[in-house]
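K.L.:
My questions concern the predicted model and sequence given below.
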Amino acid sequence: MRQTELFTKTRKEAPSDEVAKNAQLLIRAGFVHKEMAGVYAYLPLGLRTLHKIVQIIREEMNAIGGQEVAMTTLQDAELWKQTDRWSDEKVDNWFKTSLQNGTEVGLSITHEEPMTRMMAQYISSYRDLPKYPYQFQNKFRNEARAKSGVMRGREFLMKDLYDFSRTEEEHNSFYTAARDAYIKIFDRLGIGEKTYITFASGGTFSEFSEEFQTLSEAGEDTIYVDEKKRIALNKEVYNEGVISKLGLDKESLVEKRAIESGNIFHLGTKFSEPLGLTYSDENGERKPVYMGSYGIGPSRLLGTIVELFADEKGMVWPEAVAPYRVHLVGLNLDDEETRDWADALYNNLVNAGVEVLYDDRVEARAGEKFADSDLIGIPHRIVASKKGKDAGTYEVVERATGEIRNLTEEELFADFTS
RNA sequence: CGGGAUGUAGCAUAAUGGUAGUGUACGCGGUUUGGGACCGUGUGGCCCGGGUUCGAUUCCCGGCUUCCCGACCA
């Protein structure tokens, strides 16, 4: 992508109404656009990054048997009444609206109900189980107060997978696999070290659910971490009884701020019973399907990654999620030979399949280009300049470490196409 | 949802009861050219409604917006 073609531009100053670091940087770099409080649009660079995150999650969900679907945003009120999750007393953050004939509808807040009802169309025998549909879908939550930039929005992207199993045992074995898949996801995103499986309140069918909490001062949750055992407790279940039940020692628990980046639940038959999702077992007996749900928020992860890795100059993207792998910065491009030299490298990199953003602006000065490059945070910067052309080398600078190498085109390709 | 603030150009800000200045961004001309350079010049602005007043961007009331604290948060 040539930067002169990109419609976004960077800003020196963040808007005064953003306090969260993630939103300030994402807006300054032109990754997102704030539409309203808690509602952010994704611009080309931001969307590429979001898609990278989505793709990693997708691969790991597929690897454990997930089948991707896309449920709807508009929700049937009648369905949610069946599980008693429509009334404002039960769920107070619905966005509700109505059809022209007065029929109530809501904007998807989560998808247990519609997914369960839909699966009832296809599940009637033990032979139909287990199944693991999932999706990436916008969720709408009418939060009383949006905050923390893209990390707590009223509209946000969520991956939600549901397991439909025959028995608790079958569910549990999938739950374990999903848990492992989540660990892989956080590792691939580069935040595995800072992410702790955290016991939190469970709900109807289990005492606990497990959250994936990523340590950050920008987080909204307070957790108590046992760093040696790599286990944590959410403040909401932090008490003597729970600590001893989990075999932890209060002395070794350290209070930390963290971002809830994922959450997995045992649902049991909480949804299958009221919605009539049953199957016939080998003996012809009708039984409710045993369920679990597995959520992870790609848009929140995007903000989390910014929070964790940014430095004073801007964002620092891990290789796996960076919008581009290489930021080619052309200098002295008013000189025709230098421009040809930089253009040629760009074309060669693109043809070699390297994802590259090319700062081909002629009028911008070096300082401005470097500052923009630091802000955008692409992992590898290649500087193509007149000086370099005369020496026959390109300067390769690592965003994270600042390491500088001067490489010939051959060395450079050995590096980036291996 | 309770409390407190807030609203001036694309962005950041200043002043003012007599319709607004600066920086940045943007246009044009010129000098520059490896860490957001400089000179000249130009375009562009007072959230909405009501009230007070000869006159409101300014004061008052209401609304809305955004932010902060708290509550809430499968």
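P.N.:
The structure has been received and is ready for your questions.
K.L.:
Give me the nearest residue to A:Ala146, chain neighbours excluded.
P.N.:
Nearest non-adjacent residue to A:Ala146, counting by C-beta to C-beta, 6 or more residues apart in numbering: A:Gly38, 2.5 Å away. C-beta: built from backbone N, CA, C; applies to glycine.
K.L.:
And for that neighbour, the neighbour number?
P.N.:
For A:Gly38, the neighbour count with other C-beta atoms under 10 Å is 21.
K.L.:
closest point of chain A to RNA strand B, which residue?
P.N.:
Closest to RNA strand B within chain A is A:Gly203: 1.5 Å, counting by C-beta to the nearest atom of the strand.
K.L.:
so what's that residue up against?
P.N.:
By C-beta atoms under 8 Å, 6 or more residues apart in numbering, the contact list for A:Gly203 reads A:Ser209, A:Phe265, A:His266, A:Leu267, A:Lys270.
K.L.:
Can you tell me which of those lies closest to A:Met61?
P.N.:
A:Phe265 (15.8 Å; C-beta to C-beta).
K.L.:
what about A:Thr269, neighbour count?
P.N.:
18.
K.L.:
Next, give phi and psi for A:Leu99.
P.N.:
Dihedral angles phi and psi of A:Leu99 (degrees, to the nearest 10) take the values phi -70, psi 170.
K.L.:
now do A:Pro44
P.N.:
The phi and psi values for A:Pro44, taken as degrees, to the nearest 10, are phi -50, psi -50.
K.L.:
if we can go back for a sec, show me what contacts the residue nearest to A:Ala146?
P.N.:
Counting by C-beta under 8 Å, 6+ apart, A:Gly38 touches A:Glu143, A:Ala146, A:Lys147, A:Arg152, A:Gly153, A:Arg154, A:Glu155.
K.L.:
check contacts around the last one.
P.N.:
The one in question is A:Glu155. A:Gly38, A:Val39, A:Asn138, A:Lys139, A:Phe140.
K.L.:
Contacts for stretch A:54-74, please.
P.N.:
With C-beta under 8 Å, 6+ apart, stretch A:54-74 has contacts from A:105-108, A:111, A:114-115, A:118, A:130-138, A:140, A:157, A:159, A:161, A:174, A:177-178, A:181-182, A:184-185, A:188-189, A:296, A:298, A:320-321.
K.L.:
Can you select the buried ones from the residues you listed in PyMOL?
P.N.:
To isolate the buried members of these in PyMOL, using 16 or more other C-beta atoms under 10 Å:
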select buried, chain A and resi 105+106+107+108+111+114+115+118+130+131+132+133+134+135+136+137+140+157+159+161+174+178+181+182+184+185+188+189+296+298+320+321
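K.L.:
Could you list which of the contacts of stretch A:54-74 belong to helices?
P.N.:
Counting by DSSP state H, the contacts of stretch A:54-74 place A:Pro114, A:Met115, A:Met118, A:Phe174, A:Ala177, A:Ala178, A:Ala181, A:Tyr182, A:Lys184, A:Ile185, A:Arg188, A:Pro298 in helices.
K.L.:
quick revisit: can you convert the contacts of A:Gly203 into TSV and add a column each for distance to A:Tyr238 and pLDDT?
P.N.:
Putting those into TSV (distance: C-beta to C-beta, whole Å; pLDDT from 0 to 100) gives the following:
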residue	distance to A:Tyr238	pLDDT
A:Ser209	15	91
A:Phe265	19	93
A:His266	21	95
A:Leu267	24	95
A:Lys270	25	95
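K.L.:
which ones among the residues you listed come in contact with RNA strand B?
P.N.:
By C-beta under 7 Å from any atom of the strand, the members of those lying near RNA strand B are A:Ser209, A:Phe265, A:Leu267, A:Lys270.
K.L.:
Hmm, A:Gly292 and the third one touching each other?
P.N.:
Yes: if you go by C-beta atoms under 8 Å, A:Leu267 and A:Gly292 touch, sitting 5.5 Å apart.
K.L.:
Overlap of the contact sets of these two?
P.N.:
In contact with both A:Leu267 and A:Gly292: A:Tyr162, using C-beta under 8 Å, 6+ apart.
K.L.:
ok, back up a step: please render the contacts of A:Gly203 as a markdown table that adds secondary structure and distance to A:Glu89 to the earlier fields.
P.N.:
Formatted as a markdown table, the contacts of A:Gly203 follow (DSSP: H, G, I helix; E, B strand; the rest coil; distance: C-beta to C-beta, whole Å):
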| residue | secondary structure | distance to A:Glu89 |
| --- | --- | --- |
| A:Ser209 | strand | 23 |
| A:Phe265 | strand | 22 |
| A:His266 | strand | 25 |
| A:Leu267 | strand | 22 |
| A:Lys270 | coil | 18 |
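K.L.:
Compile these into CSV and extend it with columns for neighbour count.
P.N.:
Formatted as CSV, these follow (neighbours: other C-beta atoms under 10 Å):
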residue, neighbour count
A:Ser209, 21
A:Phe265, 24
A:His266, 23
A:Leu267, 23
A:Lys270, 19
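K.L.:
dump the residue contacts of the most centrally placed residue in chain A.
P.N.:
Geometric centre of chain A, nearest residue: A:Pro298, 1.9 Å, by C-alpha atoms, centre = their mean. Contact analysis of A:Pro298 by C-beta under 8 Å, 6+ apart lists A:Leu50, A:Ile53, A:Val54, A:Ile57, A:Phe136, A:Leu157, A:Met158, A:Lys159.
K.L.:
Narrow those residues to those in strands?
P.N.:
A:Phe136, A:Leu157, A:Met158, A:Lys159 (DSSP state E).
K.L.:
Could you tell me which residues of the stretch 251-400 of chain A lie near RNA strand B?
P.N.:
Close to RNA strand B, as judged by C-beta under 7 Å from any atom of the strand, the stretch 251-400 of chain A has residues A:263, A:265, A:267, A:270, A:293, A:313, A:331-332, A:334, A:363, A:365-368, A:370-375, A:383, A:385, A:387-388, A:395, A:397.
K.L.:
Could you verify my assumption that A:Thr417 touches A:Val354?
P.N.:
Yes: with contact defined as C-beta under 8 Å, A:Thr417 and A:Val354 form a contacting pair (6.7 Å).
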